[in-house]
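Visitor: I'd like to go over a predicted model; first the sequence, then the structure.
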2 protein chains.
Amino acid sequence: MSPYPGELSVPARVLLGPGPSEVHPRVLRAQSAPLVGHLDPFFLDLVNQVKDLLRWVFETENRMTFPVSGTGTAGMESCFANLLEHGDRILVCVNGYFGTRMCDIAVRCGAEVTRIDQEWGKAFEPSAIANALKDNAFKVVSIVHAETSTGVLQPLEEISRLVHDAGSMLLVDTVTSLGGCPVEIDKQNIDATYSGSQKCLSAPPGISPVSFSEMAMDCIRRRKTAVQSFYLDMTLIDKYYGSGRAYHHTAPISSVYGFYEALRLAHEEGLQRRFERHQRNHRALVAGLEAMGLSMHVDASERLWMLNTVQVPEEIDDADLRTQLLTEYGIEIGGGLGDLKGKVMRIGLMGHSSNRRNVTLLLSALSVLLNQRGIKADADTALAAAGEAFES
Amino acid sequence: MSPYPGELSVPARVLLGPGPSEVHPRVLRAQSAPLVGHLDPFFLDLVNQVKDLLRWVFETENRMTFPVSGTGTAGMESCFANLLEHGDRILVCVNGYFGTRMCDIAVRCGAEVTRIDQEWGKAFEPSAIANALKDNAFKVVSIVHAETSTGVLQPLEEISRLVHDAGSMLLVDTVTSLGGCPVEIDKQNIDATYSGSQKCLSAPPGISPVSFSEMAMDCIRRRKTAVQSFYLDMTLIDKYYGSGRAYHHTAPISSVYGFYEALRLAHEEGLQRRFERHQRNHRALVAGLEAMGLSMHVDASERLWMLNTVQVPEEIDDADLRTQLLTEYGIEIGGGLGDLKGKVMRIGLMGHSSNRRNVTLLLSALSVLLNQRGIKADADTALAAAGEAFES
C-alpha cells in the first residue's frame, strides 16, 4: 500500500452506459446527510415513505414492496430464493444475458429449471411460452421485461394471462424498465419483481426495489424449508420493515436517503412525463444514429427507450472506440455482453441521463470518432435528424 | 401516499448505540461525489486501494480481502455460504445473539451444525473448544470476536491453535472489533472473517469487509457444488474485483467512496492511536457509570472497548429511558438483544463516536434521567471519575 492514500478525486463522467445513470445533485446532497440509527423512528418512517413511493412507481398495491439492501443481483436472488424450494419447477425465458443469470440463480436455489430460448435481440412470442406450459406444470415462470444486454422490451400482458391460466406465478426482471417505461405490476398481474436503483430511477447503486403479490407471499409463508438466504429472507425483512420493527440487518442508511430523494424527483416529474421524456430522447438518439449510417440491433417495434443497442460497424474495434470516448470526452457507453460482445455497443438513456444535452453530445462525439476511423458519419445530418425527433 | 413527499430533513443524533456510529464529515462529503461506472478504470483502481487499506486494518496479507456489497449480515452469509457445502460439519460457539445467528445461517447452508454455548456475558475458555474438538472432525469452527449483543471480547490465539491442530478452519466475526481493537488476522491465523463498515470504521452501513486465507480460498475452489448464492460467490467476485474485471454486479459506488474516505481517516490516525483512543474513552465511560452506581454486565477482564453493556437498575424500564434519551437529548443507545432484552443497555463508543465529548454528554444525561426516576446518580462524581480516566 502507498504510505498515504490519496484524496478522493472523482473524474467527471457522462454516464450513457447500461447503468449506473447520472444522479441528480439533490440525491448526492441527500447522501451527505448525517446518519441516524437503523431502528430510529425517523428512519423507519422514511422507509415507509420509500415503500409508498415504490408502490407508486411500480403501480401496485402490494403490501410487500420495499428496498432490498443490495444491488439488482441481490434483488434477483431474493425473488428466486424466496419463491423456490429444492425440487420446485421453474420455466426460465432466456433472450439475453440476464435470462441466463436467472437460470444460474434458480439452479443454485435447487430448482428444476426448464429453459426456453429466443434470439438475443428479439422478444418472446406468447406462443413460445404457451408451448412450454402445455406439457408441464411450473411453480414459477420468469422473464426479463427490459433486457439490458440486448435492448429488447418484452410485452407481458398476454404472457401473464397464459402463466396464470396454467396455475403458475410470474416473476419479472424490471431492473432497467422501472421508472423509464410503464411496468404496471398490478395491471399486468406480476407476482414477484425486482429492480435496481441505478437505472431509470437515477439513484446510486446499492438498493434493489422488490415487490411480491399476496399470492407470492402466501407461497413464501407456506414454505416447507427455510429460505436459503437469511439476509434475503422476506419473512424476516417483513418483521423489520413491517410493524414489528425487529432488528434483522443494519439498513444502508445513506443509500436510503439518496433513494428517497431520487423517488421524490420522479414523483415531482410524474410517471407519464417521465416515460415521454425517455421515449423522446430515445427516438432522437436512434434518428441521429441511423442518419449517421449506423444500424440498430433491435427491430423498431421491440426497442427499449432507455437502453439502445447499436451494431458495431465491421471495420472497427468497439473496445478501442469506447476507451477513446471515455478518455477524451469523459463519456461512458457499454460494450456487448455475452453473445453480443464486440457486436453491439449499448447506449443508456436512463433516468437523469436521458436528456437532450447528452444525446447531442454523444452523437457529435461518435461522429468525430467514426470519421477518424474512415467511416463517414456526418454530424450535421445526425443532429438535424435528432433535432426533428426532439420536437416531434 | 401523501400527494407531495416531504423534503428529507434528518434529525441530529448522537450515535452511541451498537452501530451505526457517527460518520466524519469528510466521509459524508465523499458520498456526495458524482458517480462513475462500476467498470470505470477509476473505480476499479479505487477498489484496489480499498482492498489495500482493508489488508492494513485487518493486518493481513490475504489476497482475497475486499468489500462485500451489503451490510454485515451479507458478509456473514458470504463466509458461511462459500466455506460450507451440504453436509459439511461446523462447530459454532454461541455466547450471544450473533453466535445464534451463525447457527441459523449455517443450517440454511445445509451444514451439520454442532453448537456449544457459553453464558451471554462471558468469553469461551479454550478448554470448551478443545473438548468439542476431541471426538468430532469439523470443517469449520466459527466464533465471534466482539459480541455486540453482550460486550464480550473473545481471546482467539489459543483457540486458533486448537482449531488448526484439529485440521479445521477458523471463521471469526469481527464486525464490531475491526478498527477499534487489534484483530490481527494473520497473526491469529484466521481463515475467514467478515466485518461491517458502520462500527469502528465509522462509515455508513452498506459495506461488509471480508478476508479469506489461501487455505479458505483453496477450499472454495475445490467445492463440489456451486455456492448457493450467486451474489456472494467469492470466485465470481474475484473475477470482478481481481484482474479479470468481469461484470458480476453493480457495486455501490457512493458507498465505496465513503468507505474509502473512512479508511483513509483511520490510516491518518494510525491503528495504535485508534485502539488507544477506544480504550481510553471506554475506561472513562465505565468509571463514570460505576461512580454513578451502575454495574457493568461483563467482567473487567473481558470487556470490549467499543460496546459497553451496563445493567438496567431493577426499578426502571430501559425502553422508556432510551426513548427519553432519544427524544430529549437526541442520543441513541441500544437495548438488550435476545436473552438480555430489558436486562442491559448497550452503549457504543465506536469509531468517530468514541470521544470525550460524547462520554461526558451521555454520563450527564443519564445522571439526570436516573435521578428523575428516583435513582441517585451523581453527575459530579461520575464526571470526576471519567475525567481521571481520560487523563490516565
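Guide: Arrived safely, thanks for sending.
Visitor: can you give me the helices for chain A?
Guide: A:25-30, A:41-58, A:72-83, A:97-108, A:126-134, A:157-165, A:214-221, A:234-241, A:253-269, A:271-291, A:318-329, A:356-372, A:379-391 (DSSP state H).
Visitor: Counting by contacts, list what the fourth one packs against.
Guide: When contacts are defined as 3 or more C-beta pairs under 8 Å, 6 or more residues apart in numbering or on different chains; DSSP states H and E, helix A:97-108 packs onto helix A:72-83, strand A:89-94, strand A:112-117, strand A:140-144, strand A:146-147. For every residue, glycine as well, the C-beta is placed using N, CA and C.
Visitor: Show me what the last one packs onto, helices and strands only.
Guide: This means strand A:146-147. Partner elements for strand A:146-147 (3+ C-beta pairs under 8 Å, 6+ apart): helix A:97-108.
Visitor: Now the helix it packs on: buried residues?
Guide: Buried residues in helix A:97-108, counted by 16 or more other C-beta atoms under 10 Å in any protein chain shown: A:Tyr97, A:Phe98, A:Gly99, A:Thr100, A:Arg101, A:Met102, A:Cys103, A:Ile105, A:Ala106, A:Val107, A:Arg108.
Visitor: Which stretch among the helices of chain A is buried most, on average?
Guide: helix A:72-83 (a mean of 27; mean count of other C-beta atoms under 10 Å in any protein chain shown).
Visitor: That one vs strand A:140-144, what angle?
Guide: Relative orientation of helix A:72-83 versus strand A:140-144 (axes from the mean of the first three to the mean of the last three C-alpha atoms, to 10 degrees): 170 degrees.
Visitor: anything in helix A:72-83 near chain B?
Guide: Yes - against chain B, helix A:72-83 shows contacts by C-beta under 8 Å from any C-beta of the partner chain at A:Gly72, A:Thr73, A:Ala74, A:Glu77, A:Ala81.
Visitor: where does the last one land on pLDDT?
Guide: What the model reports for A:Ala81 is a pLDDT of 98.
Visitor: If we ignore the residues flanking it in sequence, what's nearest it?
Guide: Leaving out its chain neighbours, the residue that sits closest to A:Ala81 by C-beta to C-beta, 6 or more residues apart in numbering or on different chains is A:Ser229, at 5.0 Å.
Visitor: which sections of chain A are below the confidence cut-off?
Guide: A:1-3 (pLDDT under 70).
Visitor: Which parts of it belong to which domain?
Guide: Here the domain parsing of chain A from automatic domain parsing is A:29-267, A:270-391.
Visitor: so how far is the first residue of the first one from its last?
Guide: It refers to domain A:29-267. Domain A:29-267 has its terminal residues 18 Å apart, counting by C-alpha to C-alpha, to the nearest Å.
Visitor: Need the residues of helix A:72-83 next to chain B in CSV (columns: distance to A:Met296).
Guide: Below are those laid out as CSV (distance: C-beta to C-beta, whole Å):
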residue, distance to A:Met296
A:Gly72, 25
A:Thr73, 27
A:Ala74, 32
A:Glu77, 32
A:Ala81, 36
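Visitor: What is the nearest of those to B:Arg322?
Guide: In terms of C-beta to C-beta, no member of the residues of helix A:72-83 next to chain B lies closer to B:Arg322 than A:Ala74, at 31.6 Å.
Visitor: Quick one: residues contacting the closest one.
Guide: Going by C-beta atoms under 8 Å, 6 or more residues apart in numbering or on different chains, A:Ala74 touches A:Val68, A:Ser208, A:Leu232, B:Ser69, B:Gly70, B:Ala74, B:Tyr231, B:His249.
Visitor: Kindly recompute the last result at 6 Å.
Guide: Contact analysis of A:Ala74 by C-beta atoms under 6 Å, 6 or more residues apart in numbering or on different chains lists A:Val68, A:Ser208, B:Tyr231.
Visitor: Can you tell me the closest non-neighbouring residue to the first one?
Guide: Sequence neighbours aside, A:Ser208 is the residue nearest to A:Val68 in space, at 4.2 Å (criterion: C-beta to C-beta, 6+ apart).
Visitor: Any residues of the stretch 201-350 of chain A in contact with chain B? List them.
Guide: A:204-206, A:226, A:228, A:230-231, A:249-250, A:252-255, A:257, A:261, A:264, A:332 (C-beta under 6 Å from any C-beta of the partner chain).
Visitor: let's go with 7 Å and repeat that
Guide: A:204-206, A:226, A:228-231, A:249-255, A:257-258, A:260-261, A:264, A:267, A:332 (C-beta under 7 Å from any C-beta of the partner chain).
Visitor: burial count for the spatially closest residue to A:Lys224 that is not a sequence neighbour?
Guide: Closest residue in space to A:Lys224, ignoring its immediate chain neighbours: A:Glu85 at 6.3 Å, by C-beta to C-beta, 6+ apart. For A:Glu85, the count of nearby residues is 19 (other C-beta atoms under 10 Å in any protein chain shown).
Visitor: do the same with A:Glu112
Guide: Count around A:Glu112 with other C-beta under 10 Å applied: 15.
Visitor: contacting residues around the spatially closest residue to it that is not a sequence neighbour?
Guide: What sits nearest to A:Glu112 in space, not counting adjacent residues and going by C-beta to C-beta, 6+ apart, is A:Arg89, at 4.8 Å. Contacts for A:Arg89 (C-beta atoms under 7 Å, 6 or more residues apart in numbering or on different chains) come out as A:Ala111, A:Glu112, A:Thr114, A:Asn136, A:Ala137, A:Phe138, A:Lys139.
Visitor: Buried members of those residues into PyMOL, please.
Guide: If you want just the buried ones from these in PyMOL, going by 16+ other C-beta under 10 Å, the selection is:
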select buried, chain A and resi 111+138+139
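Visitor: measure stretch A:169-178 end to end?
Guide: Span of stretch A:169-178 from end to end, C-alpha to C-alpha: 20 Å.
Visitor: Other residues contacting it?
Guide: Contacts for stretch A:169-178 (C-beta under 7 Å, 6+ apart): A:57-58, A:72, A:76, A:79, A:83, A:98, A:139-146, A:148, A:156, A:160, A:163-164, A:183, A:189-196, A:199-201, A:209, A:215-216, A:219, A:304, A:306-307.
Visitor: Burial check on the residue lying closest to A:Glu184 once chain neighbours are set aside, number of neighbours?
Guide: Residue nearest to A:Glu184 in three dimensions, not counting chain neighbours: A:Glu59, with 4.7 Å by C-beta to C-beta, 6+ apart. By other C-beta under 10 Å, 15 other residues sit near A:Glu59.
Visitor: swap in the one 3 residues further on?
Guide: Taking other C-beta under 10 Å as the criterion, the count of residues near A:Asn62 is 23.
Visitor: Surely it and A:Ser211 touch.
Guide: Yes - the criterion here is C-beta atoms under 7 Å, and A:Asn62 meets it with A:Ser211 at 4.7 Å.
Visitor: Need the overlap of contacts for the two.
Guide: A:Ile185.
Visitor: returning to that earlier point: how about the helices of chain A, which one is nearest B:Glu119?
Guide: helix A:234-241 (26.4 Å).
Visitor: Near chain B, which residues of the stretch 51-200 of chain A are found?
Guide: A:52-53, A:56, A:69-74, A:77, A:104-105, A:108, A:196, A:198.
Visitor: now, which of those residues sits nearest B:Met292?
Guide: Nearest member of those to B:Met292, counting by C-beta to C-beta, is A:Ser69, at 37.7 Å.
Visitor: Quick check: that closest one touching B:Gly72?
Guide: No - at 10.6 Å, A:Ser69 and B:Gly72 do not qualify as touching, with contact defined as C-beta under 7 Å.
Visitor: Of the residues of the stretch 51-200 of chain A next to chain B, which is the nearest to B:Glu125?
Guide: Looking across these and measuring by C-beta to C-beta, the closest to B:Glu125 is A:Ser69, at 36.4 Å.
Visitor: so what's A:Ala284 up against?
Guide: A:Val359, A:Ala386, A:Ala389, A:Phe390.
Visitor: so the first one touches A:Arg283, yeah?
Guide: What that stands for is A:Val359. No - with contact defined as C-beta under 7 Å, A:Val359 does not reach A:Arg283; the gap is 9.7 Å.
Visitor: nearest residue to whatever residue of the stretch 251-392 of chain A ends up closest to chain B other than its sequence neighbours?
Guide: Chain B sits closest to A:Pro252 of the stretch 251-392 of chain A, with a gap of 3.3 Å, by C-beta to the nearest C-beta. Once flanking residues are discounted, A:Pro252 sits nearest to B:Gly206: 3.3 Å by C-beta to C-beta, 6+ apart.
Visitor: Many thanks, I have nothing further to ask.
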